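>>> Have a look; sequence and predicted model below, questions after that.
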Amino acid sequence: ELILVVKLVAEFPGSGGVMTRLYSRVAQAQHLYPRARGVLHLIIEAAMLLMVLTYMGFETRLMFRMGASKYFSRFWGIYDWLNFILFWAAAGSRFQALAMAGTRAFPPDSAVFVNYEPPAYFIVQWKNLLAFNSFITWCKMFKYLQSLPFLAHLIKVVNTTIPDVLAFLGALFFVYFGFVLAHFLAYGDDIGRYSTLNDSMITLYRMLLGDFNVEEMERSNRFLGPLFFVLWTLAATILFLNMFIAIVVDGFETVRAEVERVSFATFFKKQAVEPFQHAMTKLQKMMEGEDDEESDDEDKEIARGKQVLGTATAEGGLEATTVPGLKVGGGAVREDQQAEDEKMELVLQAVLTLSREVRVLSRRVKSLSDTANGPHNQPSLY
């Protein structure tokens, strides 16, 4: 199931002696020589690449519609294409490994050496690219979640603080790297965790999380050990951490002053509860037969209102045919008539709405009165 590639390297320096290193790579055999489950994985990967290609088509059409300069001036435009490039780079490494493995026999003959290191290398790079791209892909969910009102506030806070946070991290890097060099020079010969610059960077970051050994530093250097520890903890955990929190709080206050915050409960009530209640009310009216009666009465009232509107317009003195130089229904007289018609339509709609509400209220009052008078005409259950 697994292929382990081991590489032993021996270096002979000019001063004498030998320096050895061991490198190893592990790859699943089905990634290089697919069997039943491996073939199924290849089919799923091909379907995923087809979906990526379709999404690329949508984004390409949007880019031509907006223009390349405007499209890539957006953050999400650059982010999407970075995501696409990583997808295809990972796919290239995957199929390069398959192509190289096809020229190598598996399992190998016991009398023949077969070098599986090149295809195993591309399998490892394929997984590394997928690991990084999976994080980028899931973070892209914020592109679609920002349309939800109760999450738009949080995402806007993040977008507002990004410029200040990047400037802060740039300034922090110089201080951080200065401390890395100081610890490397002070303890690099005695303490293994500071023997290289990379190890010193990781060790100082772990000190931020509370993983440190002051006694070890003090044994190595009685003066600089405690001094560097106190200076680093003061600068990193007290000064810079509080500056970062202040930047985030300032961005939150800025967004709160500009955008009204919508809670999840309010959003759910408006988008789900209220439409459900409205639908249930309509269903209840349909079951009671009120909609048919109301629609018939409303049609009659609309027809009667339009008749009244036409009569009022005819009696309003807008006699376009008697004005010299004007055509019937044209010019300023027509515009005035349209304005009057619109006003009358609005008044008519308001009257119809009021009439409908009064009718519904009268039916509810009648229903309540019938319910109140009902028990006097029926025998008591007790």
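Great, that's in hand. Residues are numbered from 1 along each chain as shown.
>>> Any stretches of the stretch 51-200 of the chain with poor pLDDT?
Applying pLDDT under 70 to the stretch 51-200 of the chain flags the ranges 149-150.
>>> hmm, try it at 80
110, 145-155, 159 (pLDDT under 80).
>>> where do the helices sit along the stretch 151-300 of the chain?
197-208, 214-220, 224-233, 241-258, 264-268, 274-288, 290-314 (DSSP state H, counting those that start in this stretch).
>>> what is the mean pLDDT for the fifth one?
The reference is to helix 264-268. Averaged across helix 264-268, pLDDT comes to 59.
>>> just to revisit the earlier point, which of the helices of the stretch 151-300 of the chain comes out lowest on mean pLDDT?
Among those, helix 290-314 carries the lowest mean pLDDT (a mean of 55).
>>> What's the local residue count around residue 158?
15 (other C-beta atoms under 10 Å). The way it works is simple: take the backbone N, C-alpha and C, and place the C-beta from them, glycine included.
>>> mind listing what it touches?
Residues in contact with residue 158 (C-beta atoms under 8 Å, 6 or more residues apart in numbering) are 142, 251.
>>> now swap in residue 250 and tell me
161, 164.
>>> One more: the one 5 residues further on?
If you count contacts by C-beta under 8 Å, 6+ apart, residue 255 has them with 153, 156-157, 160.
>>> which residues of the protein fall in strands?
2-11, 19-28 (DSSP state E).
>>> Quick one: mean pLDDT over the last one.
Model confidence over strand 19-28 averages 84 on the pLDDT scale.
>>> Direction included, what does that strand pair against?
Sheet pairing for strand 19-28, assigned by DSSP bridges, gives strand 2-11 (antiparallel).
>>> Give the buried residues for the partner strand.
3, 5 (16 or more other C-beta atoms under 10 Å).
>>> got the buried residues for stretch 239-249?
Buried residues in stretch 239-249, defined by neighbour count with 16+ other C-beta under 10 Å: 240, 244, 247.
>>> likewise stretch 42-49?
Buried, per 16+ other C-beta under 10 Å, within stretch 42-49: residue 42.
>>> which residues are in contact with it?
34, 87-88, 91, 94.
>>> try it again with 7 Å
Residues from elsewhere that reach stretch 42-49 (C-beta atoms under 7 Å, 6 or more residues apart in numbering): 34, 91.
>>> Give me the most central residue, the protein.
residue 142 (1.2 Å; C-alpha atoms, centre = their mean).
>>> Go ahead and confirm it touches residue 157.
No - at 11.9 Å, residue 142 does not count as touching residue 157 under the criterion of C-beta atoms under 7 Å.
>>> Format the contacts of residue 255 as CSV; extra columns: neighbour count and distance to residue 134.
Converted to CSV, the contacts of residue 255 look like this (neighbours: other C-beta atoms under 10 Å; distance: C-beta to C-beta, whole Å):
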residue, neighbour count, distance to residue 134
153, 19, 27
156, 19, 26
157, 19, 25
160, 19, 27
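>>> sorry, back to before: out of the buried residues of stretch 239-249, which is nearest to residue 67?
residue 247 (33.7 Å; C-beta to C-beta).
>>> who's in contact with that closest one?
Listed by C-beta under 7 Å, 6+ apart, the contact set of residue 247 reads 161, 164-165, 168.
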